[in-house]
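> with the sequence up front, the predicted model follows.
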2 protein chains.
Amino acid sequence: MEKQDERSLPEKVSERLIEYILEKKLQKGDKLPNEHSLAQMLYVGRGTIREAVRILESRNIVTVKQGAGTFVCEKYGVSDDPLGLCLIENKEKAVKDLVDMRIIIEPEIAALAAQYAKEDDIRELEQRCLEVEYCIRSGKSHVKSDVAFHSQIAVCSQNYIAANIIPIIASSVRIFSELTNYTLLEETVVGHREITEAIKRHDCRDARESMMLHVMANKRRLSQPL
Amino acid sequence: MEKQDERSLPEKVSERLIEYILEKKLQKGDKLPNEHSLAQMLYVGRGTIREAVRILESRNIVTVKQGAGTFVCEKYGVSDDPLGLCLIENKEKAVKDLVDMRIIIEPEIAALAAQYAKEDDIRELEQRCLEVEYCIRSGKSHVKSDVAFHSQIAVCSQNYIAANIIPIIASSVRIFSELTNYTLLEETVVGHREITEAIKRHDCRDARESMMLHVMANKRRLSQPL
């Protein structure tokens, strides 16, 4: 294992801190011990702890609040740009590819959501659906609440991996927001309602089909001149 | 934009370095200017450059080779654990969810591969297919070459996003390797050959179906006692 030997001390310490978070079952927002205690606990200097914390910060595992301390990050280890999209040159092609991936993944996840959604998850989904509608009706940007709506469907599916991948794909579209042009507002309101209702009825087939129509409408729009 | 103001100087400098890599069209393995030149170029201290480089290193955007300099990383910005799987407690459930995601994604990507694969991509795929078979026949671990085979199918599909997601999902299974037990060796050899042949013939339907059979065999095995 060549890689293992090459790892720096701060990297190794950052792995120990991950183990600590898991052992202590720390949740999003929970506070870690201070630098001094961590340094004593792991037998390393405070400088090393500081570097290890910086590594975990860049991985969205912890977040440092000036003067308040170090906390488990709300993103719980999911990177901001995990697919390295910042390095893709042809942004237009990347958007098309993202939409194609959504067409593959999201209808099936909607079907799983209809099958496995729990009462609480559905209530939350209805809430997110209303939020998107509220943003659109009041002329605000609905990009953020749209990502939240699609992410909640992944939560309903009870698939951990989908719940991590969907927000990445949905929010990646925002990286290229200059290419997107939210003109399908009425379609979005109606589409989201249909999807929400199908999941609420636990109707897998309808959930899959309404999601397919919704993401296909996005694809069609992309292929038209802006 | 609350987030923007909170970013530290090294984080801002790391963004400037990404812009530099894009502007200069640096490719995987290309060397960056030394610390001193970067510090002069961006009007910051060498300590700040060092921290910025460390941030990019943890994002797999650059790699630092002791004594040789800083290079664009072969992983080109795709994180090692982008889905934060290291923080998932129930590893067994995570493996099942990963396999379910593969069932959703990989057959469709195989169909796209059959449609869009270029001559060179197919030659490379045949090579990867042989490598897996070689590892299995000679009793070596084929996990790494298996990931390479599935990743090459995503390359054949010409979808940037799939080419980034498939390696993540395929190699994530390795994180939980204690739960996996590669007993389906003969099925793997035959399955991979069928998939490769279908892509070579540009037969979308056959590529989708052979991939579906292949990933379903994996799912079946998981549901059996080890």
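Arrived safely, thanks for sending.
> check what pLDDT the residue lying closest to residue A:142 once chain neighbours are set aside gets.
With sequence-adjacent residues excluded and distances taken as Cβ to Cβ, 6 or more residues apart in numbering or on different chains, residue A:142 is closest to residue A:135, at 3.7 Å. C-betas here are computed from N, CA, C, even on glycine. You'll see residue A:135 listed with a pLDDT of 89.
> let me see the contact set for residue A:135.
Shown in contact with residue A:135 (Cβ atoms under 8 Å, 6 or more residues apart in numbering or on different chains): A:141, A:142, A:145.
> secondary structure class for residue A:82?
Using DSSP: H, G, I helix; E, B strand; the rest coil, the structure places residue A:82 in coil.
> residue contacts, the closest residue to it other than its chain neighbours?
Excluding its sequence neighbours, the residue lying closest to residue A:82 (Cβ to Cβ, 6+ apart) is residue B:82, at 2.9 Å. Applying Cβ under 8 Å, 6+ apart to residue B:82 gives the contacts A:78, A:79, A:82, A:83, A:168, B:168.
> on the three-state scheme, residue A:29 is what?
Secondary structure of residue A:29, reduced to three states by three-state DSSP: coil.
> phi, psi for it please.
phi 90, psi -10 (degrees, to the nearest 10).
> give the burial count for it, as a bare number.
Residue A:29: 11 surrounding residues under other Cβ atoms under 10 Å in any protein chain shown.
> check the one 3 residues further on too.
Other residues near residue A:32 number 20, with proximity taken as other Cβ under 10 Å.
> distance of it from residue A:151?
26 Å (Cβ to Cβ, to the nearest Å).
> skipping its backbone neighbours, what lies nearest the residue most central in space within chain A in space?
Closest residue to the average C-alpha location of chain A: residue A:167 at 2.9 Å, with Cα atoms, centre = their mean. Nearest residue to residue A:167 in three dimensions, chain neighbours excluded: residue A:151, at 4.5 Å (Cβ to Cβ, 6+ apart).
> show me chain A divided up by domain.
Domain assignment for chain A, taken from automatic domain parsing, gives A:2-72, A:85-223.
> run the chain-centre distance for the helix or strand hosting residue A:92.
Per DSSP states H and E: residue A:92 is located in helix A:91-116. Relative to the mean C-alpha coordinate of its chain, helix A:91-116 is positioned 14 Å out (Cα atoms, centre = their mean, to the nearest Å).
> which ones are touching the closest residue in space to residue A:102 that isn't next to it in sequence?
Leaving aside its chain neighbours, residue A:102 sits nearest to residue A:215 (4.9 Å; criterion: Cβ to Cβ, 6+ apart). By Cβ under 8 Å, 6+ apart, the contact set of residue A:215 is A:99, A:102, A:103, A:106, A:107.
> and those residues as CSV, adding pLDDT and neighbour count?
Shown next, in CSV, are these (pLDDT from 0 to 100; neighbours: other Cβ atoms under 10 Å in any protein chain shown):
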residue, pLDDT, neighbour count
A:99, 89, 21
A:102, 93, 24
A:103, 94, 16
A:106, 96, 25
A:107, 97, 22
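> distance to residue A:90 added to these, as a markdown table?
Listed next are the contacts of residue A:215 as a markdown table, based on distance: Cβ to Cβ, whole Å:
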| residue | distance to residue A:90 |
| --- | --- |
| A:99 | 14 |
| A:102 | 18 |
| A:103 | 20 |
| A:106 | 23 |
| A:107 | 26 |
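> where does chain A have low pLDDT?
Residue ranges of chain A with pLDDT under 70: A:1-6, A:79-80, A:173-184, A:223-226.
> recalculate using a threshold of 50.
Applying pLDDT under 50 to chain A flags residues A:1-4, A:177-179, A:226.
> where do the helices of it begin and end?
Under the criterion DSSP state H, chain A carries helices at the ranges A:2-6, A:9-23, A:35-42, A:46-58, A:91-116, A:119-137, A:143-156, A:160-175, A:185-200, A:204-223.
> out of those, which is closest to residue B:93?
Among the helices of chain A, the nearest to residue B:93 by Cβ to Cβ is helix A:160-175 (6.6 Å).
> so the residue nearest to residue A:154 when sequence neighbours are not counted versus residue B:215, what's the distance?
Excluding its sequence neighbours, the residue lying closest to residue A:154 (Cβ to Cβ, 6+ apart) is residue A:166, at 3.9 Å. Using Cβ to Cβ, residue A:166 is found at 20 Å from residue B:215.
> what's the burial count for residue A:51?
By the criterion of other Cβ under 10 Å, residue A:51 has 20 neighbours.
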